[in-house]
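A.B. asks: One predicted model, sequence on top.
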Amino acid sequence: ALRWRRPLIREIEGYLEAAEGAAAIFARHRSKTEAGRSLHPESARALRESGLSRLLAPKKFGGHEAPLRAQVLTCAKTALACPATSWVQMVCGAHSFVLGSFSPACQREVFEGNPGVLIAGTLSSQGAGRSSDGGWCISGRWQFCSGVDHSDWLLIGANQANGEERGPKNIHFVSPTQQA
């Protein structure tokens, strides 16, 4: 009944091996990560260097563009070593996946030269976005932002504040973390 499992696992074996290799680092820093409520810097570095942070990033920018099962199964492996690190891997990986549906120019700005970028954020529309000359001005307070201490970019949700009747009321914005 489960004959199909082996070929699917074989397809992502390299990613699972990368997760196992990084897990030792995650486990070593687990207590500091949990006590500090932030990834230990060595764990963040291991997420990037192992390639786990670019599992779902677009291939055209150096990502793996791996199947979602690779993300799920590697997160399950890393959770055994450090649940908090696995959570950040899952959240930031999901944001890389979502960013793959943004414009090519936006993808290029975020991923080019850094396909393993950690993209923190919260997709919940907790702020307000107002169109302005050549872009958007966003403001507000977002309650949770897993991985923000080690991310270069944010993906955050906001409500469109212009009162314009066209377009979606809830919008997702990408911003360099330094500008937040």
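C.D. replies: Thanks, I have it.
A.B. asks: Neighbours of the nearest residue to residue 128 once chain neighbours are set aside, how many?
C.D. replies: Here the nearest residue to residue 128 in space, its sequence neighbours aside, is residue 161; by CB to CB, 6 or more residues apart in numbering that works out to 4.0 Å. (Glycine included, C-beta is placed from N, CA and C.) Counted with other CB atoms under 10 Å, residues neighbouring residue 161 total 18.
A.B. asks: cool, residue 71 as well?
C.D. replies: 22.
A.B. asks: Next one: it from residue 78, what distance?
C.D. replies: 11 Å (CB to CB, to the nearest Å).
A.B. asks: do residue 63 as well
C.D. replies: Counting by CB to CB - residue 63 and residue 78 are separated by 18 Å.
A.B. asks: go on, residue 174?
C.D. replies: Taking CB to CB, one finds residue 174 at 25 Å from residue 78.
A.B. asks: Report the separation between residue 108 and residue 42.
C.D. replies: Distance from residue 108 to residue 42, by CB to CB: 30 Å.
A.B. asks: now swap in residue 51 and tell me
C.D. replies: Residue 51 is 16 Å from residue 42, by CB to CB.
A.B. asks: and those two? which has more neighbours close in?
C.D. replies: residue 51 (21 against 15).
A.B. asks: I'd like the distance between the more buried one and residue 38.
C.D. replies: 22 Å.
A.B. asks: Repeat that for residue 102.
C.D. replies: Applying CB to CB to residue 102 and residue 38 gives a distance of 27 Å.
A.B. asks: so who does residue 136 touch?
C.D. replies: 129, 130, 171, 173 (CB atoms under 8 Å, 6 or more residues apart in numbering).
A.B. asks: Please convert those to TSV, extending it with distance to residue 155.
C.D. replies: Listed next are the contacts of residue 136 as TSV, based on distance: CB to CB, whole Å:
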residue	distance to residue 155
129	13
130	18
171	11
173	7
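A.B. asks: Now, of the residues you listed, which are buried?
C.D. replies: Buried by 16 or more other CB atoms under 10 Å: 129, 171, out of the contacts of residue 136.
A.B. asks: who touches the closest residue to residue 34 other than its chain neighbours in this structure?
C.D. replies: Distances taken as CB to CB, 6+ apart place residue 84 nearest to residue 34, at 5.7 Å, with adjacent residues excluded. Residue 84 makes contacts with 30, 33, 34, 39, as judged by CB under 8 Å, 6+ apart.
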